[in-house]
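J.: my questions concern the predicted model and sequence given below.
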Number of protein chains: 2
Amino acid sequence: MTIERPAIQSFQPPVRTLMGPGPSDVPPRVLSALARPTVGHLDPSFVGMMDEVKTLLRYAFQTRNDLTFPVSGPGSLGMETCFVNLVTPGDKVIVCVNGVFGGRMVENVRRLGGTPVIVEDAWGEPVDPAKVEDAFKANPDARLFAFVHAETSTGALSDAATLAAIARRHDALTIMDCVTSLGGVPVLLDEWGIDAAYSGSQKCLSCTPGLSPVSFSEAAVARIRARTTPCPSWFQDLGLVLGYWSGAKRTYHHTAPVNPLYGLHESLVILAEEGLEAAWQRHRDNHLRLAAGLQKLGLDFVVREDARLPQLNTVWVPQGVDEAACRARLLNEFGLEIGAGLGALAGKVWRIGLMGHSSRASNIALCLAALETVIRG
Amino acid sequence: MTIERPAIQSFQPPVRTLMGPGPSDVPPRVLSALARPTVGHLDPSFVGMMDEVKTLLRYAFQTRNDLTFPVSGPGSLGMETCFVNLVTPGDKVIVCVNGVFGGRMVENVRRLGGTPVIVEDAWGEPVDPAKVEDAFKANPDARLFAFVHAETSTGALSDAATLAAIARRHDALTIMDCVTSLGGVPVLLDEWGIDAAYSGSQKCLSCTPGLSPVSFSEAAVARIRARTTPCPSWFQDLGLVLGYWSGAKRTYHHTAPVNPLYGLHESLVILAEEGLEAAWQRHRDNHLRLAAGLQKLGLDFVVREDARLPQLNTVWVPQGVDEAACRARLLNEFGLEIGAGLGALAGKVWRIGLMGHSSRASNIALCLAALETVIRG
């Protein structure tokens, strides 16, 4: 043999408390679901479970959209699934950038041969609707509008209802990133008139990472059906994926990630048991508790009060504090993960997540006590 | 609320014996690994595990390729990762089609603006090297060559060493689909000179579906680096993915599917414990046992003896037998899944998998006894 066999043992991960920007703590019920016996992806029992996942996702997204299902990959693939199906070469797309993930949307548009019109806001600010209105007036031929509902890189929440209404008035379809918002704050696709939305399994749904729930309105499906150029991605072509996820005959497209979908199903059952309103309330209440404690520690928020995400609290690292060393101590001494800054905020902020199962009193108590220890040195 | 909360319970899958074309039976060790506590995708312990996964995959693929890692999605996404990075618009690509998955390669090339030159063989036949040689002579400007090592739709094994050598003589890079071959029959990337290979987690590795191990040679990486047009997919752009999977600084690209990767790690540890040669021998031995039993039942193989995949046994459904009704009885009475035919073979064949953990004496005994019952009515 060219390559000898490596002597590597089974991996036993450490037990962490996950209070970064995701993954969040995964409840034992979801972990147990992952370990249930694997069945075939065309097994009648599995097909029935898929239908339940779609129903549960429609509840989470508050939509009647038929085309609502989990993409077999992480949130970034869900993002790409929206763009690769809706953007055709030459399309003008108004994209709001107020953090890392808006920038990634721009990147998607460019690679697909579209022309992005960038509406920029400072990192930490929500998207400014007046700028979006101006962008549409300057670009009446824009066919698509895209924004991030909850910017994971900054912790800012934008006003989705207002933004989508502007796009609708200008006859553009709206793509919304709700990776971090879904399950933590209201996400009301139908009420707001969102045409394409994507999320992630590992944030406020508290499933493991690797799946991306998406939903498409009838207008979005009509736009996709009217394409004259083929979708450049075979894997993400919704025309093909549809044959597997809906319709009477389940046409084989790709092998669905069976056990990860068990986990997503369980996490959505947990969300439905709690109820969306109760989950939103819990996220709000715990955010206020954490914020009060952080202020006592002298930590200031990056985002102004009315635009703060309850599930993602971004604070400035105090002067003279070694941010990376603090995070290392939190991890090594307390088994606690919090997030570092990304992009323009790298080295300057901490991102403290209270997402899904992580949004609970014991996590807040641990986090505040541990932070106090490491900040005071 | 627009959408009321659904009353859906936790999902308890039935226990199946999986002898279709994948997923195969997942051993309890792998299921347990999936349920281990989730850590962050940038956690030092997780980064260490990723390095082990890469080492274990290099052993499985028999390669020294640095760029060897699992794509965060199913095998079809692994396929697309190879094509989207290596095919640029206008490229001529020689593609062998002897079943469904060769056809999917053609589809990938077309959507990326490449020109496929199709080398066709009958379904059930291995790829004919003479036809490949002719195709290269007729198309000296072909820059890429692609074939399926083990056609999952037919059960035919092609001669990878000979095919890759032809491509090398004509200065083309070789992409090989080894979704069904990896772990079941020899896959020797370096010895054969394969430039890009992709596989799936749920076949002979006996992990759950959802991950796609890939490997790229230095020549493939050089070709990717020399691209003058950007990779149309942000998610699959290896230039970006590389920053996360290798290099000293782990740059955030996307959130890795943490728990599924625990499962893949465990399945690769199990493969290394058994040893590749022993695994190949076990697949061969069990194939011969099953084949003897199938012949006693009067079932004929679709593929000639010297090109049969030991891990995927495709037989003609006997005259007068209702193939779908038989599979339904196998599933409902015996909890046994075998595969139906795909594409041109739909309704005409059964595909009986002996992949990974499914390749064992008890499965063969069950399958033969149950098949005898349902065929005789």
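T.: Nice, I can see it.

J.: switch to C-alpha atoms for all contacts and neighbour counts from now on
T.: Noted.

J.: and what about A:Lys203, helix, strand or coil?
T.: With DSSP: H, G, I helix; E, B strand; the rest coil as the basis, A:Lys203 sits in coil.

J.: near chain B, which residues of the stretch 201-350 of chain A show up?
T.: Residues of the stretch 201-350 of chain A that fall close to chain B, judged by CA under 8 Å from any CA of the partner chain: A:208-210, A:230-235, A:254-260, A:262, A:265-266, A:269, A:272, A:275, A:337.

J.: if I look at the closest residue to A:Pro27 other than its chain neighbours, how far off is B:Val302?
T.: Spatially, and ignoring its direct neighbours in sequence, A:Pro27 is nearest to A:His357 (6.4 Å; CA to CA, 6 or more residues apart in numbering or on different chains). Distance, A:His357 to B:Val302, using CA to CA, to the nearest Å: 52 Å.

J.: what about the helices in the stretch 201-350 of chain A?
T.: Ranges of helices within the stretch 201-350 of chain A are A:218-225, A:238-245, A:258-274, A:276-296, A:323-334, based on DSSP state H, counting those that start in this stretch.

J.: next one: the longest one to chain centre, how far?
T.: In this case it means helix A:276-296. Taking the mean of its C-alpha atoms, helix A:276-296 sits 19 Å from the chain's own mean (CA atoms, centre = their mean, to the nearest Å).

J.: using PDB, write out every CA atom in that helix.
T.: Presented in PDB, the C-alpha positions along helix A:276-296 are these (Å, rounded to 0.1, in the frame of the first residue of the first chain):
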ATOM      1  CA  LEU A 276     -43.200  30.500  18.200                       C
ATOM      2  CA  GLU A 277     -44.500  33.400  20.300                       C
ATOM      3  CA  ALA A 278     -43.100  31.700  23.500                       C
ATOM      4  CA  ALA A 279     -39.800  31.200  21.800                       C
ATOM      5  CA  TRP A 280     -39.500  34.800  20.700                       C
ATOM      6  CA  GLN A 281     -40.500  36.000  24.200                       C
ATOM      7  CA  ARG A 282     -37.900  33.700  25.800                       C
ATOM      8  CA  HIS A 283     -35.200  35.100  23.500                       C
ATOM      9  CA  ARG A 284     -36.300  38.700  24.400                       C
ATOM     10  CA  ASP A 285     -36.400  38.000  28.100                       C
ATOM     11  CA  ASN A 286     -33.000  36.300  28.300                       C
ATOM     12  CA  HIS A 287     -31.400  39.000  26.100                       C
ATOM     13  CA  LEU A 288     -32.600  41.600  28.700                       C
ATOM     14  CA  ARG A 289     -31.100  39.600  31.500                       C
ATOM     15  CA  LEU A 290     -27.800  39.100  29.700                       C
ATOM     16  CA  ALA A 291     -27.700  42.800  28.600                       C
ATOM     17  CA  ALA A 292     -28.200  44.000  32.200                       C
ATOM     18  CA  GLY A 293     -25.300  41.800  33.400                       C
ATOM     19  CA  LEU A 294     -23.000  42.900  30.500                       C
ATOM     20  CA  GLN A 295     -23.700  46.500  31.300                       C
ATOM     21  CA  LYS A 296     -22.700  45.800  35.000                       C
END
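
J.: quick one: contacts of it?
T.: Residues outside helix A:276-296 that contact it (CA atoms under 8 Å, 6 or more residues apart in numbering or on different chains): A:60, A:183-186, A:271, A:300, A:310-311, A:313, A:354-356, A:359-361, A:364, A:368.

J.: what do you get for the first one?
T.: When contacts are defined by CA under 8 Å, 6+ apart, helix A:218-225 is touched by residues A:65, A:85-86, A:173, A:195-196, A:239.

J.: the residue nearest the centre of chain A sits in which helix or strand?
T.: When CA atoms, centre = their mean is applied to chain A, the residue found nearest the centroid is A:Val179 (1.1 Å). Using DSSP states H and E, A:Val179 is not contained in any helix or strand.

J.: ranges for the strands of the stretch 1-150 of chain A?
T.: Under the criterion DSSP state E, counting those that start in this stretch, the stretch 1-150 of chain A contains strands at A:17-19, A:67-71, A:92-97, A:115-120, A:144-148, A:150-151.

J.: give the buried residues for stretch A:291-306.
T.: By neighbour count on 16 or more other CA atoms under 10 Å in any protein chain shown, the buried set for stretch A:291-306 is A:291, A:293-294, A:297, A:299-303.

J.: and if you look at stretch A:174-193?
T.: Using 16+ other CA under 10 Å as the test for burial, stretch A:174-193 gives A:174-190, A:192-193.

J.: so for it, mean pLDDT?
T.: When pLDDT is averaged along stretch A:174-193, the result is 98.

J.: repeat that for stretch A:312-329.
T.: For stretch A:312-329, the mean per-residue pLDDT is 97.

J.: how far does it stretch from start to finish?
T.: This stretch, stretch A:312-329, spans 21 Å end to end (CA to CA).

J.: re the thing from before, can you get me a residue count around the residue nearest to A:Pro27?
T.: Using other CA atoms under 10 Å in any protein chain shown, A:His357 has 21 other residues around it.

J.: from chain B, how far off is A:Glu4?
T.: The gap separating A:Glu4 from chain B is 7 Å, by CA to the nearest CA, to the nearest Å.

J.: which residue packs closest to that residue, ignoring adjacent ones?
T.: Excluding its sequence neighbours, the residue lying closest to A:Glu4 (CA to CA, 6+ apart) is B:Tyr59, at 6.8 Å.

J.: so what's that neighbour up against?
T.: By CA under 8 Å, 6+ apart, the neighbours of B:Tyr59 are A:3-6, B:272.

J.: do A:Trp123 as well
T.: Residues in contact with A:Trp123 (CA under 8 Å, 6+ apart) are A:98-99, A:154, A:344.
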